[in-house]
Structure formats: C-alpha cells, structure tokens
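Asks: 3D, please:
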Amino acid sequence: MSDPTEPTTWDEIEAVRQLKARYFRHLDTKDWEAWRDLFADDVVGTFDNAVATEGADAAGQTWVGVDELVTSIRGVLEGCTTVHHGHTPEIVLESPTTATGIWAMADIVDFPGGHTLTGAGHYHETYTKTAGQWRIQSIHLTRTRMAFTQAEGAHAHLG
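Replies: Below is the predicted model:
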C-alpha cells in the first residue's frame, strides 16, 4: 500500500500548475521578488522576438541565471501594463524531482509610448523540485502571433 503522506502524481502536476499561475500573476503585478523566487538559480530563459510556425524556431534572446533573467524582463516590462494568460498545460512528470510542460499562452503588453503588443504562442518549460518546492529550470517562449497597434491607431500585423 502506498504512503498516504507522499504526494501523488496529480498533486505534483497541480503544484506545477500553481507555480505557473503564480508566474503569470507576479509578472503582471510586477512583484519582482516573488517572480524571481519561481525560478531555479541557474535557469535558462529564451524569449523569441518573432513569429515561428510549422516547426521553425525564430532566434530569440537567451538569459542564463535568475538575476540576469529577472533584471532583463523587468527592464522591458517595468513601465508597461501587461496581461498574461496560460492555457491547456501539457505537464509530464519525468521523475520525482523533474517535469516538463508546454503551455499555450496569450499576452497583451501596453507600452508607455502608446504601442500595444497582442500576442500568442507557447511556453516550453522544464521544472525541478528542490527542498520540496517546484521551480522553473528552463523557459522558452515561442510565438505564433504578434500584432502591434501603434499610438496613432495604425495597425501593423506580424505573422
């Protein structure tokens, strides 16, 4: 018989889902200290800056280490109003301390100058569990849509 105090597969998957929910909430509320705590210290993050579909991979910027990642993303989003949503997670437990996940995402970023990005894509992630807590070990945002609205109302669509 299994130990009732041990987490089940579903408990662990839910813990990863909660981790990602906090990712979106802390990012949008600009709670940078709490957002930083969601990542492994040696996290590797890549965020593509172009639309890529049909298996193509647009070259993105990569950051290594939690301080570099958080400082860079904070620098881009500090004056922005953002909305990030994650949907339809595909989470696989690889071991008791590692997991992978793919999340469909949608975001809206209102920049201080009046430009707005409306996008969609996928987060491809790995997770590690240390000291009883799940953390994001690697994160790669790929984009399937990026649309920009300019301050004067002109609309430019990329992808």
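Asks: Please make it C-alpha for all contacts and neighbour counts, starting now.
Replies: OK.
Asks: what's the most centrally placed residue in the chain in contact with, if anything?
Replies: In the chain, the C-alpha nearest the mean C-alpha coordinate belongs to residue 123, at 5.6 Å (Cα atoms, centre = their mean). Remark: with contacts taken as Cα atoms under 8 Å, 6 or more residues apart in numbering, residue 123 is in contact with 101, 102, 103, 104, 105, 139, 140, 141, 142.
Asks: Look up the closest residue to it, ignoring the ones flanking it.
Replies: residue 141 (4.5 Å; Cα to Cα, 6 or more residues apart in numbering).
Asks: what comes up buried for the longest strand anywhere in the chain?
Replies: Longest strand in the chain by number of residues (criterion: DSSP state E): strand 133-149. For strand 133-149, a neighbour-count test (16 or more other Cα atoms under 10 Å) marks 134-149 as buried.
Asks: Show me the strands paired with that strand, marking each as parallel or antiparallel.
Replies: strand 39-51 (parallel), strand 116-130 (antiparallel), strand 155-158 (antiparallel) (DSSP bridges).
Asks: what sits opposite the residue nearest to the centre of the chain in the beta ladder?
Replies: residue 103, residue 141.
Asks: Next, find the distance separating it from residue 7.
Replies: Using Cα to Cα, to the nearest Å, residue 123 is found at 25 Å from residue 7.
Asks: try residue 138
Replies: Residue 138 is 23 Å from residue 7, by Cα to Cα.
Asks: Least confident secondary structure element in this protein?
Replies: One helix or strand of the chain scores below all others by mean pLDDT, DSSP states H and E: strand 155-158, with a mean of 50.
Asks: Output the below-cut-off pLDDT ranges for the protein.
Replies: Residues of the chain meeting the criterion pLDDT under 70: 1-5, 53-59, 152-159.
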